[in-house]
Every structure is written in structure tokens, then in C-alpha cells.
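>>> sequence and predicted model, in that order:
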Amino acid sequence: MCWRSIGIRRFAAVACAVLVSTGHAADRILTFGGGPTPNDNQASLEKNVLYFQGVVKMLGLAGVRHDIYFADGTARGRSVQYRADADELTRLLADIYDGAADDVSLRFRPSSIPALTGPNTTAAIDGWFAAAARDLAPRDRVLIYFTGHGGQQDHPAHRGPHKKSGDERNTELYTWNNTPITVRDFITRLDTLDPAVDVTLVMVQCHSGGFANVIYNHGDPARGLSRQHRCGFFATIASRPAAGCTPDIDAEDYQEFSTLFFAAISGKTRTGQAVAPPDYNHDGCVTLTDAFTYVLLTSNTIDVPLATSDQFLQDQSAFRTKNTTDLLPRDAPYGKVLALATPAQQAALEGLSAQLQFTGDDRLATARTKAAKIEAQRKTVADQQKAAEDAVNAARDQIKQALGQRWPELEIPWHPQTAAVVAAEGAAIKQAVESHPAYKALLEAQEKLGAAADKDLTLERQWAKTQRLLLRAQTVILAANLDKVANAQTVAAYRELLARENRPLAPHGNIPGALCPGGAKP
């Protein structure tokens, strides 16, 4: 429910908290996710849910119904993947024979999420939507958080001759048993809710940006905007993978979108460290847009985050062409862009510029040039990786051949005598590997391969920051051009969407004692 109107820079809009503990009894939080199989259900995904449960409590939202569907649910199967130590010989042989030294340290256990509602299956999600469609009334609110895996439409269920043009938007998330839900599938479920139910999405899967198209009928801008009130924030654009899936269990290792997003909103990191409120317009309120901006500035990952308003402008606005000289160009002067930006956008533009060490009024063109150079560097690094991989494989083959002559059972993974041979002659096997002439070459090639992989990751992170800067500037420019290329109805729809994105998750907005616009004190 909205209580009063507030001003949003450059236009007025109505805003309210997404969820409040004193709100409608039917307000809901839906959290779902986990991996589609135990081998893809990393501990970090479980940790995301556990952290978000704590955030909900910190924000005073314990009274809001929160349903959680994760992996195999309450089946208590060993579905969560984590990492533990493996003995040296096992790692050595796994490296030589399979190139999988890290894989042998993987372990599996049941989920430890308390108050779990059920499994993350399509049937369970359908059941949730059926109940929500029955219970939710106009102006009720729903927060949907998905933490799991996603992809483009190369899933086996979608292969074949029926793939249509535009399917690059129709990305997918995966439920348990490797069953995909596409953007269009998800919209079909959302459409069962009353059109006046307010839906906010936070999604962190690979290719999650495709779900920004929930603002359209059937996920297609050509079919017009949905009547439903929807907005969302996504870890990355539709064409790219996202960061953050790991079996490592130390919370401080995590660097994914929702970790930072919810830290900005709650004021505490996973490890309990305080986060200074990212209140970019100094109104005493941390909004969803503020949290999104905080991620843009603090995340050191490959992610290129996207909001629904970014997608809206890409589809409904335009840059200058030779026939539309009254519009701002794609690479407008930086000073002009900065002047048109909101406080949060200004913070993102200035902060990313400083991180990239860009200055001057032509920095958008500079960013494009920098991105192109990084892509060229990555191609060189890819060649280095390929050469190192070839050297690693050649050294492994030589060592395997020597081991196979003395211990032929090692070449047959499921041979019944392999375990006995390793137990009885482990020391001799280890000595044979480490004394082989190719072993030194293997270690040197692996070191080169690791260095190349680290360099590639560093370059990709730099590239991602150039894209974040360009996307923020693009959004500012397209917003400025919108009035000139769109009708009044489209402009009004954009303002309404922006107002939804500019709300706090809870009325106190993370600042103790503060009253967020449109909120009620907790």
C-alpha cells in the first residue's frame, strides 16, 4: 500500500515500501532455487537462502509469509555440495587421470535450511502460484527471490527446429531434476495473479537479465506492457553468465549479486560486518535502486547487472541518428550525462569512472575503446591457455602410459582391484608419478595455465566494469530521449516502473529511526 506521494528527481511518482510487517496479511515472499541436481547444488546457494532469511528478520518482516522451495526440499537427500579435504594421493591420481583434482574434494549433505516449505520443482512452484492467485488481492505485494542456476535456450528440452527468433530474451532458470522454466513460462505463472498485485523480483542466475522482460506481455515488447505491476533486479544481462556458484563454505568467499544487494538493504554483510547505508540522495532511505547501485560499485565480479527500467528504455527509447538530431547520441559528453543523472546514477557513473581511471568528457567512447582492447587481450590469453592445456594433457598422457604398464588397473576407473592396489602400493605410485620426467613439465604447464586463467578473469572483470559504466550512461541518455520518441502513455509507464524500483524493501530503509517515504515506522 502507498501512503503518500514523494518526489523522484526529474519527475514526481508514487512510491511505497515493497513489503512491511504491518501490511496486508496476504503479502508474500517467495524464495526458490538451489541447483537442478546435487552436483550443481553448491553450498553457496544454500547460504544465499540462509542469509536472506536473516535479512528478512533484520528488516522486521518476520510477520510476512515467506515460502522457501529449495532443491529436493524436505526429502533430506544428500543434495547440497560442499568442499572438504582429500588426501594427497587421491588428488594426484585424479589430476593425472581425469584432470579433476578439485572434484575429489567435493562432498554432499542434506540441506540445513530451517522452515523449508518444499522442493524447488515446477509442481511446487505451480502450487505456490495457485495459492497466491487465490489469496492475493489488488495492491498486495510479492517479493520473489531466485537463487539458482539459469541458462539460454540450449537446454535439451528446447532443442530442435521450433526455436523462434527472439528467443535470446527467453532465457531460463532451472528447477530440481534439471527442469527449465523460461521467461515466458514464468510470465504465464505471474499472469495468474491479480493485475494489481505488486511483484518485485531479485534474480541471480546466469542469463537472469532475460527475466527483465516480465514487464511485457509474453515477454515480448511488440505485444505491449503487462497490466501487472512488476519490477526487478538481475545479476547480469541475458547474454552472460553470472558469478557466485561455489561449493566453498566460507561466507567471506562469496561475491555474488544478492549478497551485496541484501547487505546494502539490511546494513550487514553475511559475516555480520556493518555496511554504511548507500543512501545516494540523502533522504534517509535505502531503496532497491540504491542497493542495485551499491552492487554496481562494490562487486568485483564478471556480472553486468540489469534492472527492469534498463530493459524498458532499451526497447522504448532511442539514440541520435542522422535523422533524429534532437536526440542525445550513444556517446554523449560525459558532463551532459552526469547532469541528467539521478543521485544514484551519478554515484555509479563517478564511482565506476574512478575505478576504471577514466576522465574527460569523452569517457564513454574511452570505455568502448577500453572494452575492445580487453577483448583483444583475452583472445591472446585464450591462445596461451590453449597452449598450456595442450602441454598439460601431453604430460599427463606420458605419465599415464608409464603408470599403466606397472599398474594397469589404474586405467580402468571401476576395476574392482583399483582401490586395493592404491591402498597397498600408494607410496610407490606417488613416487612413480613424481619421479617421471614429464611430471616437472606437468607442474610448469599447470602453473602457466593457472596464471593465464587468473589473467583472463582479471580482464573479464575489468571488461564487466566498462559495461556497467556504459549501461548506466545508456540508461541516462535513453531516459532523456524518451519524451521525444515515445507517446505519453509509454512515458507514464516508465515513470511508474521507476517509482516501483525506487522503493525501500522495508519502511525503515536500513537507517535506524528513519522514516522512508511512504513507510510506517517499524
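Looks like it arrived, so ask away.
>>> list the residues that contact the closest residue to Leu328 other than its chain neighbours.
Excluding the flanking residues, the one nearest Leu328 by Cβ to Cβ, 6 or more residues apart in numbering is Ile477, at 4.8 Å. No exception for glycine: its C-beta is placed from N, CA and C like everyone else's. With contacts defined as Cβ atoms under 8 Å, 6 or more residues apart in numbering, the neighbours of Ile477 are Phe319, Leu328, Pro329, Arg330, Ala332, Val337, Leu340.
>>> same thing but at 7 Å, please
Listed by Cβ atoms under 7 Å, 6 or more residues apart in numbering, the contact partners of Ile477 are Phe319, Leu328, Arg330, Ala332, Val337.
>>> for the residues you listed, which single residue is the most surrounded?
Within those, most neighbours by other Cβ atoms under 10 Å means Val337, with 24 neighbours.
>>> sorry, back to before: mind checking which of the contacts of Ile477 land in helices?
Val337 (DSSP state H).
>>> which one of the contacts of Ile477 is nearest to Arg363?
Checking the contacts of Ile477 against Arg363 with Cβ to Cβ, the nearest one is Val337 at 9.3 Å.
>>> my guess is the closest one contacts Ala473, does it?
Yes: using Cβ atoms under 7 Å, Val337 is in contact with Ala473, at 5.1 Å.
>>> which neighbours do these two share?
Joint contacts of Val337 and Ala473 (Cβ under 7 Å, 6+ apart) are Leu349.
>>> flag every buried residue along stretch 110-117.
Residues of stretch 110-117 classed as buried by neighbour count (16 or more other Cβ atoms under 10 Å): Ser111, Ile113, Leu116, Thr117.
>>> does the third one touch Ile68 like I think?
When you say that, I think you mean Leu116. Yes: here Leu116 reaches Ile68: they are 5.4 Å apart, a contact under Cβ under 7 Å.
>>> could you pull out the strands in the stretch 251-400 of the chain for me?
Using DSSP state E, counting those that start in this stretch, the strands of the stretch 251-400 of the chain run over 306-307.
>>> do the chain as well
Assigned by DSSP state E, the chain shows strands spanning 5-8, 11-14, 28-34, 65-70, 80-83, 106-109, 141-148, 150-151, 172-175, 179-182, 198-203, 229-234, 306-307.
>>> redo those strands as a markdown table? Include distance to Thr287, mean pLDDT and mean neighbour count.
Putting those into a markdown table (distance: least, Cβ to Cβ, whole Å; pLDDT from 0 to 100; neighbours: other Cβ atoms under 10 Å) gives the following:
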| stretch | distance to Thr287 | mean pLDDT | mean neighbour count |
| --- | --- | --- | --- |
| strand 5-8 | 10 | 30 | 16 |
| strand 11-14 | 12 | 32 | 15 |
| strand 28-34 | 18 | 97 | 25 |
| strand 65-70 | 21 | 97 | 21 |
| strand 80-83 | 33 | 94 | 21 |
| strand 106-109 | 38 | 95 | 15 |
| strand 141-148 | 14 | 97 | 25 |
| strand 150-151 | 26 | 96 | 23 |
| strand 172-175 | 25 | 98 | 26 |
| strand 179-182 | 28 | 97 | 20 |
| strand 198-203 | 11 | 97 | 25 |
| strand 229-234 | 11 | 97 | 26 |
| strand 306-307 | 12 | 98 | 25 |
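>>> how about those in JSON lines, adding distance to Arg223?
Shown next, in JSON lines, are the strands of the chain (distance: least, Cβ to Cβ, whole Å):
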{"stretch": "strand 5-8", "distance to Arg223": "28"}
{"stretch": "strand 11-14", "distance to Arg223": "25"}
{"stretch": "strand 28-34", "distance to Arg223": "25"}
{"stretch": "strand 65-70", "distance to Arg223": "29"}
{"stretch": "strand 80-83", "distance to Arg223": "40"}
{"stretch": "strand 106-109", "distance to Arg223": "44"}
{"stretch": "strand 141-148", "distance to Arg223": "22"}
{"stretch": "strand 150-151", "distance to Arg223": "23"}
{"stretch": "strand 172-175", "distance to Arg223": "19"}
{"stretch": "strand 179-182", "distance to Arg223": "16"}
{"stretch": "strand 198-203", "distance to Arg223": "18"}
{"stretch": "strand 229-234", "distance to Arg223": "15"}
{"stretch": "strand 306-307", "distance to Arg223": "20"}
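>>> quick one: closest of those strands to Lys379.
Closest to Lys379 of the strands of the chain is strand 150-151 (Cβ to Cβ; 24.3 Å).
>>> mind giving me the packing neighbours of the closest one?
For strand 150-151, the elements it packs on are strand 172-175, judged by 3 or more Cβ pairs under 7 Å, 6 or more residues apart in numbering; DSSP states H and E.
>>> and the strand it packs on, which strands flank it?
The pairing partners recorded for strand 172-175 under DSSP bridges are strand 150-151 (antiparallel), strand 179-182 (antiparallel).
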